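Trainee: got a structure for you, letters missing:
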């Protein structure tokens, strides 16, 4: 009788251990799934990210890449309000031609259609994070009309971000 009770207790303890391990693994999976759900890249209809496995990125890397994609989507929609949320007030922009603009000059050109971005491809993005600073480097494939020059423009560049109160903001390096 004692032996049967001991066997039952051992079986129950074994079952409880399996259940605890299962809950622990499930909680880790849920945490990873929550990060991916939080960063739903499918909402970016005019931005295509290629050459990277999003599932392999850490949460902070996803956050930075998501903010970069969010900015690109805002560019394609000429959504100046969202662009202002993402870009630091003291940011300057340097064009392929070498022309430099303040944030507001650049945004004015996007708003009035002088710069029209139709789609933006982000090819092979690499994200490097060092504390509160991050750099996203990728080849951009811009389908745009830039001051009357219409076409697809390809260029490799780096974009810099600073974490300010939990939000990644585009800044100059």
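Mentor: Sure thing, it's come through. What you see is a predicted model; the values in this text were computed from it and never measured. Numbers count the residues shown, from 1 in each chain.
Trainee: from here on, just use CA atoms for contacts and neighbour counts.
Mentor: Noted.
Trainee: which stretches in the protein count as strands?
Mentor: 47-50, 92-94, 100-102, 115-130, 133-146, 149-164, 167-171 (DSSP state E).
Trainee: mean pLDDT added to these, as a markdown table?
Mentor: Listed next are these as a markdown table, based on pLDDT from 0 to 100:
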| stretch | mean pLDDT |
| --- | --- |
| strand 47-50 | 98 |
| strand 92-94 | 95 |
| strand 100-102 | 97 |
| strand 115-130 | 98 |
| strand 133-146 | 97 |
| strand 149-164 | 95 |
| strand 167-171 | 98 |
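Trainee: and residue 58, which of those strands is closest to it?
Mentor: strand 115-130 (10.1 Å; C-alpha to C-alpha).
Trainee: what's next to that closest one, contact-wise?
Mentor: When contacts are defined by C-alpha atoms under 8 Å, 6 or more residues apart in numbering, strand 115-130 is touched by residues 46-52, 61, 64-65, 72-73, 75-78, 109-110, 134-147.
Trainee: could you do stretch 134-154 as well?
Mentor: 64-65, 68, 114-129, 155-162.
Trainee: again, but for stretch 160-173
Mentor: Residues external to stretch 160-173 that are found in contact with it (C-alpha under 8 Å, 6+ apart): 63-64, 67, 85-88, 90-92, 132-136, 159.
Trainee: what about that stretch, distance to the chain center?
Mentor: 12 Å (C-alpha atoms, centre = their mean, to the nearest Å).
Trainee: now do the buried residues in it.
Mentor: Using 16 or more other C-alpha atoms under 10 Å as the burial criterion, the residues of stretch 160-173 that qualify are 160, 161, 162, 163, 168, 169, 170, 171.
Trainee: stretch 111-128 now?
Mentor: Those would be 111, 114-123, 125, 127, for stretch 111-128 by 16+ other C-alpha under 10 Å.
Trainee: and residue 44, what does it touch?
Mentor: 69, 70, 73.
Trainee: list the contacts for the last one?
Mentor: Meaning residue 73. 44, 45, 46, 47, 120.
Trainee: would you agree the fourth one is in contact with residue 72?
Mentor: It stands for residue 47. Yes - contact between residue 47 and residue 72 holds when scored by C-alpha atoms under 8 Å: they sit 6.7 Å apart.
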